[in-house]
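Engineer: I'll drop the sequence and a predicted model, then ask my questions.
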Amino acid sequence: MIDMKLLRTEPEKVIAAMARRKENVDIDGLLALDKEKREILYEAEQKKAEQNAVSKKIPAMKKAGEDTTAVFAEMKELSAAIKECDEKLRALDEKITAIAYTIPNIPNPTVPDGDTDADNVEVRRFMEPTVFDFEPKAHWDLGKDLNILDPETAAKITGTRFTVYRGAGAQLERAITNFYLDTHTTKHGYKEIFPPFMVHRNSMIGTGQLPKFEEDAFKVAGTEYFLVPTAEVPVTNMHRDEILDGTKLPVKYCAYTACFRAEAGSAGRDTRGLIRQHQFNKVELVKFTRPEDSYAELEKLVADAEDVLQMLKIPYRVVKICIGDLGFTAAMKYDIEVWMPSYNRFVEISSCSNFEDFQARRANIRYKDSAKDKAQLVHTLNGSGVAIGRTTAAILENYQNADGSITIPEVLRPYMGGKTVIEKD
RNA sequence: GGAGACGUAUCGAAGUGGUCAUAACGAGCACGAUUGGAAAUCGUGUUGUCGUGAUGAGCGGCACGUGGGUUCAAAUCCCACCGUCUCCGCCA
């Protein structure tokens, strides 16, 4: 949510930010509505002050036996005028929030220029892209041959963009999940959360998925619930309308959830394999920080996500997202992309963002250090730590052997009963 | 799913149409007094938010789960929704 005070005092900053994003937002119109609202608000408050003053005198008048008929008539008119003001205010507020909710976050000045993901800037790499002395297969072929990934059966029971994992495939997915959660909770100091997989509308608004991107979400028929598109939504909203203890920041959570995405507009893209599914597993990292610490915490967040890939020994690179590819809610974002031999390129496996106070303002999440202090908005951050389904795909492809078997990364073996290789059963 | 009770500050809780909502009373917390130090005791303080001021003081508005309604006036009366608890049913 845009800061209305910033908009009032320094509209040129907001206008420049929107121009960088190539967003067409009617800032002048919004300012005019805001001005009108404040004028009417003042009028309404004057009238209410009068109403309160008169109301206070009425009991005394009655006690003294005075005739209150005239006063009542006057007050009735005043009351009607107040009601009229309140109605105008409500209508204006509705218009203002409707516009405000469609304004994206102000990007950090260091966000690189560019129009598409091709313009993202590579920051660093880990390992070199995997080299094979045989013709490597795509993970969907490996999964089929090993009988561990079964999209056909998923289509039979549900539809496209779902996968049934079987046997060692299911075990591998579960091993990765536990490895990620264990590493983040013990090594990196995050508190594990297991949230609901459905949330109500306010939570989706709080983190910015709604109202603008409703077609991307699955809504549960007959309810007002949405399937979570990421654990970011339930976990960030845990502290909605709360004032956190500033001395306890940063608060760091990690959470596993299944994630559900309609993938509207992705028809025909990544139709094979685990890359783009309606349901996928992910461990998410979420932080609530002091404003002055948020960028340092973003770097640490990325490092924590990278660490699990380093332990898995999967080649990856980190890119800084350019202005044209920056999401609606983010002020700055890094993606981590793993090497995917079947695509012959790097594929996103984690997105780490600093939202600054954008989500905190929507969700009303603040902090203060002591009772005397004024509550201030926190900064929120999150990042995948990391996507599990895509990890499975990356392991199958990067750890495949000439005979079609898969060597299990060392750190996962304790999670798979000591098994070292996945072979056709 | 059925029946009932409830939702007021950090917590417990009073207030059942006006002149006690910063909100009784109790507890907690902060500061001060007392003490060699502590406990106990006493005193003072302790919500958030919006508008207008300078990000101050002051002034004014709003908030008693949420949203409506009745009324000159609503924590109080009415309606809807949300949530909590108890009993019954069902279930993992």
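Structural biologist: Cool, the structure landed.

Engineer: Beyond the host helix or strand of A:Asn202, next helix or strand please.
Structural biologist: Following DSSP states H and E, the helix or strand that holds A:Asn202 is helix A:201-207. Using DSSP H and E, the helix or strand that follows helix A:201-207 towards the C-terminus is strand A:225-227.

Engineer: Give the buried residues for that following strand.
Structural biologist: A:225-227 (16 or more other CB atoms under 10 Å). No exception for glycine: its C-beta is placed from N, CA and C like everyone else's.

Engineer: Pick out the lowest-pLDDT one from the residues you listed.
Structural biologist: Ranked by pLDDT, these bottom out at A:Tyr225 (89).

Engineer: Next up, the contacts around that one.
Structural biologist: A:Tyr225 sits next to A:198-200, A:219 when contact means CB atoms under 8 Å, 6 or more residues apart in numbering.

Engineer: which residues pair with the residue in the stretch 151-300 of chain A that RNA strand B sits nearest to across the strands?
Structural biologist: At 6.8 Å from RNA strand B, A:Ile243 is the closest residue in the stretch 151-300 of chain A, using CB to the nearest atom of the strand. Beta-bridge pairing of A:Ile243 under DSSP bridges involves A:Arg366.

Engineer: Correct me if wrong: it contacts A:Tyr367.
Structural biologist: Yes - contact status for A:Ile243 versus A:Tyr367: in contact at 6.4 Å, counting by CB atoms under 8 Å.

Engineer: Spell out which residues are contacts of both of those two.
Structural biologist: Residues touching both A:Ile243 and A:Tyr367 (CB under 8 Å, 6+ apart): A:Ala375.

Engineer: In terms of neighbours, single out the busier of these two.
Structural biologist: A:Tyr367 (25 against 15; other CB atoms under 10 Å).

Engineer: Run through the residues that contact that one.
Structural biologist: A:243-246, A:249, A:288, A:290, A:375-376, A:378.

Engineer: what's the longest helix seen in chain A packed up against?
Structural biologist: Assignment by DSSP state H gives helix A:27-63 as the longest helix of chain A. Applying 3 or more CB pairs under 8 Å, 6 or more residues apart in numbering; DSSP states H and E, we find helix A:27-63 packed against helix A:4-9, helix A:11-20, helix A:69-100.

Engineer: Can you list the buried residues in it?
Structural biologist: Neighbour-count burial for helix A:27-63, counted by 16+ other CB under 10 Å, picks out A:27, A:30, A:33-34, A:37, A:40-41, A:43-44, A:47.

Engineer: could you point out which element follows the helix or strand containing A:Asp335?
Structural biologist: Secondary structure assignment for A:Asp335, by DSSP H and E: strand A:332-340. Going down the chain from strand A:332-340, the next helix or strand is strand A:345-354, by DSSP H and E.

Engineer: Going along the chain, name the strands of the stretch 151-300 of chain A.
Structural biologist: Counting by DSSP state E, counting those that start in this stretch, the stretch 151-300 of chain A has these strands, from start to end: A:164-165, A:191-193, A:198-200, A:225-227, A:242-245, A:251-260, A:279-289.

Engineer: for the ones you listed, which one ends up most surrounded?
Structural biologist: strand A:279-289 (a mean of 26; mean count of other CB atoms under 10 Å).

Engineer: Run the chain-centre distance for that strand.
Structural biologist: Chain-centre distance of strand A:279-289: 8 Å, with CA atoms, centre = their mean, to the nearest Å.

Engineer: CA atoms of the lowest-mean-pLDDT helix or strand in chain A as CSV?
Structural biologist: Least confident element among the helices and strands of chain A, by mean pLDDT, DSSP states H and E: strand A:242-245 (a mean of 86). The C-alpha trace of strand A:242-245 is given here as CSV (Å, rounded to 0.1, in the frame of the first residue of the first chain):
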residue,chain,number,x,y,z
GLU,A,242,-0.2,-6.3,15.8
ILE,A,243,2.5,-4.3,17.4
LEU,A,244,5.6,-6.4,17.8
ASP,A,245,8.3,-6.0,20.5
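
Engineer: before we move on, back to that, between the contacts of A:Tyr225, which sits nearest A:Thr97?
Structural biologist: A:His200 (17.6 Å; CB to CB).

Engineer: Make sure that closest one is actually in contact with A:Glu224.
Structural biologist: Yes - A:His200 lies in contact with A:Glu224 (CB under 8 Å); the separation is 5.7 Å.

Engineer: follow-up on the earlier one: which stretch in the strands of the stretch 151-300 of chain A is the model least sure about?
Structural biologist: Of all those, strand A:242-245 has the smallest average pLDDT, which comes to a mean of 86.

Engineer: could you say what helices and strands that strand packs with?
Structural biologist: In terms of contacts (3+ CB pairs under 8 Å, 6+ apart), strand A:242-245 is packed against strand A:365-368.

Engineer: if we go to 6 Å?
Structural biologist: Helices and strands touching strand A:242-245, by 3 or more CB pairs under 6 Å, 6 or more residues apart in numbering; DSSP states H and E: there are none.

Engineer: Quick one: name the residues of the stretch 151-300 of chain A near RNA strand B.
Structural biologist: A:Ile243 (CB under 7 Å from any atom of the strand).

Engineer: Try it again at 10 Å.
Structural biologist: A:200, A:223-224, A:241, A:243 (CB under 10 Å from any atom of the strand).

Engineer: right, and the pair among those with maximum separation?
Structural biologist: Spatially, the most separated pair among those is A:Thr223 and A:Ile243, at 30.4 Å (CB to CB).

Engineer: re the thing from before, kindly export the helix holding A:Asn202 (C-alpha atoms) in CSV.
Structural biologist: What follows is helix A:201-207 as a C-alpha-only set of coordinates in CSV (Å, rounded to 0.1, in the frame of the first residue of the first chain):
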residue,chain,number,x,y,z
ARG,A,201,-9.7,-12.5,1.7
ASN,A,202,-8.1,-10.0,4.2
SER,A,203,-5.0,-12.1,4.4
MET,A,204,-4.7,-12.1,0.6
ILE,A,205,-5.1,-8.3,0.6
GLY,A,206,-2.6,-7.9,3.5
THR,A,207,0.2,-9.4,1.5
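
Engineer: Would you mark the buried spots in it?
Structural biologist: A:201, A:203-207.

Engineer: try stretch A:133-150
Structural biologist: Buried residues in stretch A:133-150 (16+ other CB under 10 Å): A:136-144, A:146, A:148-150.
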